[in-house]
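Trainee: any chance you can model this:
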Amino acid sequence: MQLTEDVRKLILDFQQAEITEYQIYNKLADKIKSAENAAILRRIAQDELRHYREWKQHSGEDVQPQWLKVWGYYFISRIFGYTFGVKLMERGEEKAQEHYAAIAKVIPDAARIQQEEDGHEAQLISMLSEEQLEYAGSVVLGLNDALVELTGALAGLTLALQNVKLIALSGLITGIAASFSMAASEYLSTRSENTQKDPVRAAIYTGIAYIITVMLLVMPYLLFQNYISNLIITLAIAVTIIAVFNYYISVAKGESFRSRFLEMAGISLGVALLSFMIGYFIRLWLHVEI
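Mentor: Have a look, this model is predicted:
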């Protein structure tokens, strides 16, 4: 069958995408400790290689992988978890899927390949199990509590104390003590639940998420002298943390980014505003001047 130049170019693009993904899945499978997860990734890699060979029958050419993309997704997966890396890669291919319908009019096999890409591989990816995601609830607990409590506490302390060193000192003491408290609460909560999660690991994830958030939120008060500017920077950091974390969860777990982000940001900023007002009125009521 004689192919038009546009169709042939699309086929070569599909070919390159398939061989690139084959390399990514294989490299990840080599580094994963779980034999079950490694086997799943190798099965997906073989699907990609088979698709590459089917496209090659139509193009008659060999195509090299996009090595920059291979190493990019490989390092993203190593840093943020292979589930996140794989799903981010698959999400980035949604636009390419639109071209399958046009190709299917010329090459009927394209419809079958698209179905396999959308169905079989998605099913395999959903079977992946990763510790970071199993304990995502504990991380959410630590992040959410730290964001709500610390943005509120720092907003109230900012207007009540108006001294960056005192605000930083109070925020650190409050945050560190609260991180231990939250870790202990998560340990007891997980231990009492009928779950496969390890209580100690759940407590560690909660505590680490909490204390990292505390350090990031207090940091402006350790670096700059204007307490109002510091509060604005702290709130901006809080919103950034919420956005980054919710993007990670939306990709890795296939959940809505917008609704989760708006909910967490609304709660944190709402509590901060309320605490700011309370700090102002308490300062007036107690006639505190520092």
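
Trainee: quick one: the residue positioned nearest the centre of the chain from residue 182, how far?
Mentor: With distances taken as Cα atoms, centre = their mean, residue 248 lies nearest the centre of the chain, 1.2 Å away. Residue 248 sits 20 Å away from residue 182, going by Cβ to Cβ, to the nearest Å. For glycine as for every other residue, the C-beta is placed from the backbone atoms N, C-alpha and C.

Trainee: and for residue 149?
Mentor: With Cβ to Cβ as the criterion, residue 149 and residue 182 are 9 Å apart.

Trainee: for residue 222, same thing?
Mentor: Note on residue 222: its distance to residue 182, by Cβ to Cβ, is 22 Å.

Trainee: more neighbours: these two, which one.
Mentor: Between residue 222 and residue 182, counting by other Cβ atoms under 10 Å, residue 182 is the more crowded of the two (23 against 15).

Trainee: need the helices for the stretch 51-200 of the chain, in chain order.
Mentor: Remark: helices assigned in the stretch 51-200 of the chain by DSSP state H, counting those that start in this stretch are 67-80, 82-91, 94-104, 109-115, 121-126, 131-134, 136-161, 164-192, 199-223.

Trainee: residue 43: which of those helices is closest?
Mentor: helix 121-126 (6.0 Å; Cβ to Cβ).

Trainee: what mean pLDDT does that closest one get?
Mentor: In this model, helix 121-126 has an average pLDDT of 64.

Trainee: just for the stretch 151-290 of the chain, where's the confidence low?
Mentor: Residues of the stretch 151-290 of the chain that meet the criterion pLDDT under 70 lie in 280, 283-284, 286-290.

Trainee: please repeat the previous calculation with a cut-off of 80.
Mentor: Flagging of the stretch 151-290 of the chain using pLDDT under 80 yields the residue ranges 159-161, 193-197, 249, 252-256, 260, 268, 271-273, 275-290.
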